[in-house]
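Chemist: pasting a predicted model and its sequence here:
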Amino acid sequence: MSKENRHTEENHIFRYKQFTITQNHAAMRVGTDSDLLGTLSAGGNNILDIGTGTGVLSLMLAQRFPNAQIQAIEIDENAVLDAKDNFFASPFADRIKLEHIAFQDYIKEVKDTMPIYDSVVCNPPYFDKSLECNNLSKTRARHSSSLPFSILIKGAYQLLKPGGFFSVCIPKEVLEDFSAECTIVGFSLQDIYKIKTVPEKEAKRFVLVHRKGRERAPQEHVCCMLNEERQRSTWYLQLMKDFHLDR
């Protein structure tokens, strides 16, 4: 099945092999970053998805890790509407909990029970304030003013059990600053996936997997989404084979 056939009703529905994403309300739609993070992030028995949006990351993780209990949090009420519907309609509904709450407030809510999680995943907002738009939902989803890196990283560290993993997908423009913040807090980088779109270009996306403690030399993976013929690469097809309908 072609990519176009996985999108229906003007991109309001995105179909995966084991679940469907309806995106009638969320400002940010399913995209490549979500697919990459959903397949490359570290797992565990207890996982936190920060800023779940439509819920696609939680659903991918639920499929990859059949024993995982997943807590999804989301600040935007429109995105919560989509995530709630998507979780309920999936075969993983009994293992995913959703809470409409800002990450900063969630930290306060669970402070007496930390550490909680084996894995924390986030597709963080990264645009600066100068680029904010008039749509509040899109601003929250895309701009770092709604969740500064320092708060996100420190909070993730506090929530993780010793040896727990923190996985994110970020663009090249913020890689240096984000990595520096992680080092300051005490994370050690375990894996860095440098994602190229085409072979001759530099990587624009980076999936980072940090760990709380247990330092070791990070493993570097250079990956390319398209081959020289501008078709999906063997690496990308293999990565998405359990999720995309055209595999």
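Modeler: Sure thing, it's come through. This is a predicted model, so every value here is computed, not measured.
Chemist: wait, Gln71 sits on Phe103?
Modeler: No - applying C-beta atoms under 8 Å as the test, Gln71 and Phe103 come out as separate, 11.6 Å apart. The C-beta positions use only the backbone N, C-alpha and C, and glycine is treated the same way.
Chemist: all helices for this protein, in order.
Modeler: When assigned using DSSP state H, the helices of the chain occupy the ranges 3-6, 32-40, 56-64, 77-89, 103-109, 136-142, 149-159, 172-185, 234-239.
Chemist: so which of those helices gets nearest Ala217?
Modeler: Closest to Ala217 of the helices of the chain is helix 172-185 (C-beta to C-beta; 14.3 Å).
Chemist: could you check the angle that closest one makes with helix 149-159?
Modeler: 50 degrees (axes from the mean of the first three to the mean of the last three C-alpha atoms, to 10 degrees).
Chemist: so what strands line up beside the lengthiest strand in the chain?
Modeler: Secondary structure of the chain per DSSP state E: the longest strand is strand 160-171. When sheet partners are counted by DSSP bridges, strand 160-171 sits next to strand 117-122 (parallel), strand 205-212 (antiparallel).
Chemist: turn those strands into TSV, including distance to Asp82 and mean pLDDT.
Modeler: Shown next, in TSV, are the strands paired with strand 160-171 (distance: least, C-beta to C-beta, whole Å; pLDDT from 0 to 100):
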stretch	distance to Asp82	mean pLDDT
strand 117-122	18	98
strand 205-212	24	97
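Chemist: tell me which of these sits most buried.
Modeler: Of all those, strand 117-122 has the most neighbours on average by mean count of other C-beta atoms under 10 Å, namely a mean of 26.
Chemist: can you tell me what sits against it?
Modeler: Residues outside strand 117-122 that contact it (C-beta atoms under 8 Å, 6 or more residues apart in numbering): 37, 41-51, 57, 61, 71, 152, 156, 159-161, 164-168.
Chemist: out of these, which end up buried?
Modeler: Buried subset of those (neighbour count, 16 or more other C-beta atoms under 10 Å): 37, 41-44, 46-51, 57, 61, 71, 152, 156, 159-161, 164-168.
Chemist: neighbours of Arg230, how many?
Modeler: 9 (other C-beta atoms under 10 Å).
Chemist: what's the closest non-adjacent residue to it?
Modeler: Leaving out its chain neighbours, the residue that sits closest to Arg230 by C-beta to C-beta, 6 or more residues apart in numbering is Val198, at 7.0 Å.
Chemist: phi first, then psi, for that neighbour.
Modeler: When read as degrees, to the nearest 10, the backbone of Val198 gives phi -130, psi 160.
Chemist: who's in contact with it?
Modeler: Listed by C-beta under 8 Å, 6+ apart, the contact partners of Val198 are Cys224, Met225, Leu226, Glu228, Arg230.
Chemist: so how far is Leu152 from it?
Modeler: Distance of Val198 to Leu152, computed by C-beta to C-beta, to the nearest Å: 30 Å.
Chemist: Glu109 too?
Modeler: Distance, Glu109 to Leu152, using C-beta to C-beta: 16 Å.
Chemist: kindly report the same for Gln71.
Modeler: From Gln71 to Leu152 the distance is 16 Å (C-beta to C-beta).
Chemist: what comes into contact with stretch 177-194?
Modeler: Stretch 177-194 has contacts (C-beta under 8 Å, 6+ apart) with 36, 40, 42, 124, 149-150, 153-154, 157, 165-166, 168, 170, 203, 206-216, 218-223.
Chemist: kindly export that stretch (C-alpha atoms) in PDB.
Modeler: In PDB, the C-alpha atoms belonging to stretch 177-194 read as follows (Å, rounded to 0.1, in the frame of the first residue of the first chain):
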ATOM      1  CA  ASP A 177      22.400  22.900  23.500                       C
ATOM      2  CA  PHE A 178      20.300  19.900  24.300                       C
ATOM      3  CA  SER A 179      23.300  17.600  24.700                       C
ATOM      4  CA  ALA A 180      25.000  20.100  27.000                       C
ATOM      5  CA  GLU A 181      21.900  20.300  29.300                       C
ATOM      6  CA  CYS A 182      21.800  16.500  29.500                       C
ATOM      7  CA  THR A 183      25.400  16.300  30.500                       C
ATOM      8  CA  ILE A 184      24.900  19.000  33.200                       C
ATOM      9  CA  VAL A 185      22.000  17.100  34.700                       C
ATOM     10  CA  GLY A 186      23.900  13.800  34.800                       C
ATOM     11  CA  PHE A 187      22.700  11.800  31.800                       C
ATOM     12  CA  SER A 188      25.200   9.700  29.800                       C
ATOM     13  CA  LEU A 189      24.600   9.400  26.000                       C
ATOM     14  CA  GLN A 190      24.200   5.700  25.000                       C
ATOM     15  CA  ASP A 191      23.100   5.900  21.400                       C
ATOM     16  CA  ILE A 192      23.000   8.700  18.800                       C
ATOM     17  CA  TYR A 193      21.200   8.100  15.500                       C
ATOM     18  CA  LYS A 194      22.200  10.600  12.900                       C
END
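Chemist: many thanks, have a good one.
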